[in-house]
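Engineer: Build me a model from this:
(one chain, ligands or ions: 1)
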Amino acid sequence: MSEPKFEPRVFSGAQPSGNLTLGNYLGALRRWVAMQDEGLETIYCVVDLHAITVWQDPAKLAHATRELAAAYLACGLNPARSILFNQSQVPAHAELAWIFNCVARLGWLNRMTQFKDKAGKDREAASAGLYVYPNLMAADILVYHATHVPVGEDQKQHVELTRDIAAKFNHDFGTPFFPLAEPIIEGAATRVMSLRDGSKKMSKSDPSDMSRINLSDDADTIAQKIRKARTDAEPLPDSLTLLADRPEARNLLTIYAALAEQPPETVLEEFAGAPFSVFKPALAELAVARLGPITARMTELMADPAEIDRILGDGADRAAAIAEPILARSYEIVGLVRSRQI
Ligand code: TYM
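Structural biologist: Numbers count the residues shown, from 1 in each chain. Here you go, the predicted structure:
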C-alpha cells in the first residue's frame, strides 16, 4: 500500500468533567495555543461525549462545557484561527466511533491503563462507554484525518491505539485511507503530579481539591495549595539528578520551570540551597501572575454564555464540513449503502 500524503492537521480535546487543572494547562492547552500560533491548521474540541462515560449531572455538564470553552479562549485559542466546538454537535464522531468499535479488538482495549484506573475495583459497574472510550477518541482524531495530536503523557497510549485502529482499517479494507496520527508530547511539563502525592498525576477527578491547582482558583487559594503542597525537609539541590528520588520536590521545580518558561537547570541555579519556605512563596507568586489573567478572562467570558454558544456552534459547522465527507467515504469503503437524497 503506497502511503498517501496527508496535509498536517492538528486535533486535540479535553473533557468538561470539572475544573481545568494546571496539568491540563501546562501539558496540553499551552501547547495547543503554540501550535495555533505557528500557523498550523488546528481543531480543538470540548469532548462532552467522553465526559458522560462517567455520571455527569446534566445542568453541571452544560455549565462545565461552556466553562471549558471559556478556558480555551482565555488561554489564547482564537476562533478565527482554530476551529473550536463541542463534540456532541458533530455527530460524525459518534458515527465513526461505531465503525471503530468493530475494528478495535477487545484485547487492545483490555490493555488500556486509563480504563483500569478509572473503572477501579468494581469493573463490572463501569459503563460500556468508558470501556470503548478510546475508540471514540480515535474517531475524534481520524474523522478529520488529523496528523498531529498534542497531549500530555497520560494520553499517549490512547493515541497509539488510534494508530493501531487506523492501520487495521487501512489493512482490512485495502486502502490507505486514515493517517497514522502522531502524539505530540512536548514541553516542560507533560506529566504534572498531584500536590499531595508525587507518584500520582494531578487530576481534575482527584477527590482532594488540595491535590491540584484549578484555572478557576483565586490567588489566595493558589498560594494556600502551594504552601500546603507535600515536600520533604531538604532544601533544593544544585543539580537535577539529586531530585531523582524526591518526586514532590521535582514536581514543584518542574511546575516552576514550565510557568517561567525556563529550563529546570536554570531555576535550580537560582534556588540551589533554598528551603521550601523560600521556594514555595516564589512559586505561588509566579503561578498567580501566570494564571490570574486567564482566570479573570474566563470570568468575563462566562458572563456572556450566548456568545460562547455562538462560537461553539460556528466551530461545529466548520468542523462538520471537514468531518462529513471523511465519514461518508468511510461508510462507502466499509460497504454501507448510502442512497438518501440529501
Ligand atoms: P483530559 O480531559 O483528561 O485532559 C486534557 C489534556 O490535558 C492533559 N493532562 C495533563 N498533562 C500533564 N499533566 C497532567 N497532570 C495532566 N492531566 C491532563 C491530557 O494528557 C490531555 O492532553 N481522552 C482525553 C480527551 C480526548 C482527546 C481526544 C485528546 C478525547 N478525544 C482526541 C486528544 C485527541 C482526555 O480525557 O483528556
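Engineer: How about the contacts made by Lys156?
Structural biologist: Shown in contact with Lys156 (CB atoms under 8 Å, 6 or more residues apart in numbering): Pro183, Ile185. Using the backbone N, CA and C atoms, a C-beta is placed for each residue, glycine as well.
Engineer: roughly how far apart are it and Pro8?
Structural biologist: Using CB to CB, to the nearest Å, we find Lys156 at a distance of 20 Å from Pro8.
Engineer: show me what contacts the closest residue to the ligand within the stretch 1-150 of the chain?
Structural biologist: Sorted by distance to the ligand under CB to the nearest ligand atom, the residues of the stretch 1-150 of the chain start with Gly27, at 2.0 Å. Applying CB under 8 Å, 6+ apart to Gly27 gives the contacts Val151, Gly152, Glu153, Gly187, Ala189, Thr190, Arg191, Val192.
Engineer: quick one: the second one and Gly23 touch, right?
Structural biologist: Which is Gly152. Yes: between Gly152 and Gly23 there is a contact under CB atoms under 8 Å: 6.6 Å.
Engineer: Common neighbours of these two, please.
Structural biologist: Shared contacts of Gly152 and Gly23, defined by CB under 8 Å, 6+ apart, are found at Arg191, Val192.
Engineer: Name the nearest residue to Asp84, sequence neighbours excluded.
Structural biologist: Slight slip there: residue 84 is Leu, not Asp. Closest residue to Leu84 apart from its sequence neighbours, by CB to CB, 6 or more residues apart in numbering: Gly315 at 4.4 Å.
Engineer: Next, the buried residues of stretch 265-276.
Structural biologist: Within stretch 265-276, the residues that qualify as buried are Val267, Leu268, Phe271, Phe276, counting by 16 or more other CB atoms under 10 Å.
Engineer: Please, which helix or strand holds Pro183?
Structural biologist: For Pro183, the enclosing helix or strand under DSSP states H and E is strand 182-184.
Engineer: That strand and the ligand in contact?
Structural biologist: No: Strand 182-184 stays clear of the ligand (CB under 6 Å from any ligand atom), getting no nearer than 8.6 Å.
Engineer: Pull the distance from that strand to the chain's centre.
Structural biologist: How far strand 182-184 lies from its chain's middle: 12 Å, per CA atoms, centre = their mean, to the nearest Å.
Engineer: Which SSE is immediately downstream of it?
Structural biologist: helix 219-227.
Engineer: residues contacting the residue of the stretch 101-250 of the chain at minimum distance from the ligand?
Structural biologist: Using CB to the nearest ligand atom, Gly152 is the residue of the stretch 101-250 of the chain that sits closest to the ligand, at 2.3 Å. Residues near Gly152 by CB under 8 Å, 6+ apart: Gly23, Asn24, Gly27, Ala28, Ile185, Thr190, Arg191, Val192.
Engineer: Quick check: the farthest pair among the residues you listed?
Structural biologist: Asn24 and Ile185 (13.9 Å; CB to CB).
Engineer: Which of the two has more residues huddled nearby?
Structural biologist: Neighbour totals were compared for Asn24 and Ile185, and Asn24 leads with 24 against 19 (other CB atoms under 10 Å).
Engineer: Find the nearest non-adjacent residue to the more buried one, please.
Structural biologist: Residue nearest to Asn24 in three dimensions, not counting chain neighbours: Ala14, with 5.8 Å by CB to CB, 6+ apart.
Engineer: Kindly report the same for Val192.
Structural biologist: Gly23 (3.8 Å).
Engineer: Which strands or helices does the helix or strand where that neighbour lies pack on?
Structural biologist: Here Gly23, judged by DSSP H and E, is contained in helix 22-24. Contact partners of helix 22-24 among helices and strands, from 3 or more CB pairs under 8 Å, 6 or more residues apart in numbering; DSSP states H and E: none.
Engineer: quick check, distance from that helix to the centre of its chain.
Structural biologist: Remark: helix 22-24 is offset 9 Å from the chain centroid, using CA atoms, centre = their mean.
Engineer: Then stretch 134-148?
Structural biologist: With CA atoms, centre = their mean, you get 14 Å for stretch 134-148.
Engineer: what comes up buried for that stretch?
Structural biologist: Applying 16+ other CB under 10 Å to stretch 134-148 flags 134-148 as buried.
Engineer: Stretch 158-168 too?
Structural biologist: Neighbour counts over stretch 158-168 (16+ other CB under 10 Å) mark His158, Val159, Glu160, Leu161, Thr162, Arg163, Asp164, Ile165, Ala166, Lys168 as buried.
Engineer: mind listing which of the residues you listed are in helices?
Structural biologist: His158, Val159, Glu160, Leu161, Thr162, Arg163, Asp164, Ile165, Ala166, Lys168 (DSSP state H).
Engineer: contacts with the ligand among those residues, please.
Structural biologist: With CB under 6 Å from any ligand atom as the criterion, those include His158 near the ligand.
Engineer: Now distance to Val54 and pLDDT too, for the ones in helices among the buried residues of stretch 158-168, in CSV please.
Structural biologist: Putting those into CSV (distance: CB to CB, whole Å; pLDDT from 0 to 100) gives the following:
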residue, distance to Val54, pLDDT
His158, 16, 98
Val159, 21, 98
Glu160, 23, 98
Leu161, 20, 98
Thr162, 21, 98
Arg163, 26, 98
Asp164, 25, 98
Ile165, 23, 98
Ala166, 27, 98
Lys168, 28, 98
